[in-house]
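J.: show me how the following folds:
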Amino acid sequence: MTPLDTTTTGLSVTPLGYALGAEVNGVDINQPPTPALVAAIRSVWHQHHVIVFRGQRFEAGGMLRFAQAFGALDDHAATPFYRLDEHPELLQVTNRQIGGKPSETRNTGRNWHSDYSYTDHPAAASMLFCVERPPVGGDTMFANMVNAYETLSAPLRTFLDGLDVVYDVGLTAGINERDPAKTAEVRRLNPPIAHPAVRVHPDSGRRALYVSERSSHFHGMTAAESRPLIDFLCQHATQPENVYRHVWQPGDLVCWDNRTSMHVALADFDQTQPRHMLRATLLGAQSGFVVG
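T.: Presented below is the predicted three-dimensional model:
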């Protein structure tokens, strides 16, 4: 594909996938971004849902300053055990040992999801920096949830427009392999919560499906009634033609909009090999209601 030039900011943008994903060049994340640069990146981000900055150098202060240019950051209080002590706005997604014990986030993200969908402030966006990756595998796949919604039949779109879907942190893949006391606290902090099954993006105005493998049921419907539809929607959203697969390299900063995409971290690598990432999360608007 021919790169698209954004001449006023010095950016070049190259699409990486048919459905979503683009590489953005001409940015050093450790330099304070100008308002014009932020606006240009935001425009590309809205168009492609997932954007990639390659060859970056990790500096905690630089990454946080870059992330804050796009919105307020979550302090990850919903998962307080997995933060960097000195920078709670950075979540460790790693299989490195921490304190001599296996990392609690070594199996994070192993089913299709949007970040913090089980909280009352579901993440607006996420920025994940790759410090270290295994020699082979450890990829992340992303699905375009705007396309997923728009390619449903009109009657089904109308039906979903009127539904709320319940998210349950207990459906996070691998959560029961973590420290039981920490898992119990995460469950206490995050009771099941209902969000609209279709979200309207506050900037682009586009409608996106908001149902994932962490959805337990539709509010007001039984689990038995809900499960076939949830399974169908997840299968529909993650068809190959609607997915971008990112092959990580150290120095990659990958940013995704959780309101228009969902993702899954693949376990297709030697678990004895290091995979170390740091995530900044843009705080989303308050949404939903706790399900008693």
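J.: give me the neighbour count for the closest residue to Ile193 other than its chain neighbours.
T.: The shortest distance from Ile193 to any non-neighbouring residue, by CB to CB, 6 or more residues apart in numbering, is to Gly288 (4.7 Å). Placement of C-beta: from N, CA and C, glycine included. Neighbours of Gly288 under the rule other CB atoms under 10 Å: 21.
J.: state the mean pLDDT of the helix or strand Cys234 falls within.
T.: Following DSSP states H and E, one finds Cys234 within helix 223-237. Averaging pLDDT along helix 223-237 yields 98.
J.: all numbers from here: first residue = 753
T.: Got it, the first residue is 753 from now on, which makes the last one we talked about helix 975-989.
J.: buried residues in that helix?
T.: Across helix 975-989, burial judged by 16 or more other CB atoms under 10 Å covers Ser978, Leu981, Ile982, Leu985, Cys986, His988, Ala989.
J.: which ones are touching the second one?
T.: With contacts defined as CB atoms under 8 Å, 6 or more residues apart in numbering, Leu981 is in contact with Phe970.
J.: quickly note the distance from it to Asn859.
T.: In this view, Leu981 and Asn859 are 27 Å apart by CB to CB, to the nearest Å.
J.: tell me where the stretch 753-902 of the chain has strands.
T.: For the stretch 753-902 of the chain, the strands defined by DSSP state E, counting those that start in this stretch cover 756-758, 763-767, 774-777, 802-805, 843-846, 877-884, 892-896.
J.: residues near Gly813, how many?
T.: By the criterion of other CB under 10 Å, Gly813 has 9 neighbours.
J.: isn't Ser978 right up against His971?
T.: No: using CB atoms under 8 Å as the test, Ser978 is too far from His971 to be in contact (9.2 Å).
J.: give me the buried positions along stretch 840-854.
T.: Quick answer for stretch 840-854 (16+ other CB under 10 Å): Glu841, Leu842, Leu843, Gln844, Val845, Thr846, Asn847.
J.: okay, these in CSV with distance to Tyr868 and pLDDT next?
T.: Shown next, in CSV, are the buried residues of stretch 840-854 (distance: CB to CB, whole Å; pLDDT from 0 to 100):
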residue, distance to Tyr868, pLDDT
Glu841, 13, 97
Leu842, 15, 97
Leu843, 10, 96
Gln844, 16, 94
Val845, 13, 96
Thr846, 18, 95
Asn847, 21, 95
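J.: now distance to Glu884 too, for those residues, in CSV please.
T.: Shown next, in CSV, are those (distance: CB to CB, whole Å):
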residue, distance to Glu884
Glu841, 20
Leu842, 15
Leu843, 16
Gln844, 12
Val845, 11
Thr846, 8
Asn847, 10
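J.: redo the strands of the stretch 753-902 of the chain as a markdown table? Include distance to Leu915.
T.: Converted to a markdown table, the strands of the stretch 753-902 of the chain look like this (distance: least, CB to CB, whole Å):
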| stretch | distance to Leu915 |
| --- | --- |
| strand 756-758 | 37 |
| strand 763-767 | 33 |
| strand 774-777 | 31 |
| strand 802-805 | 26 |
| strand 843-846 | 30 |
| strand 877-884 | 24 |
| strand 892-896 | 19 |
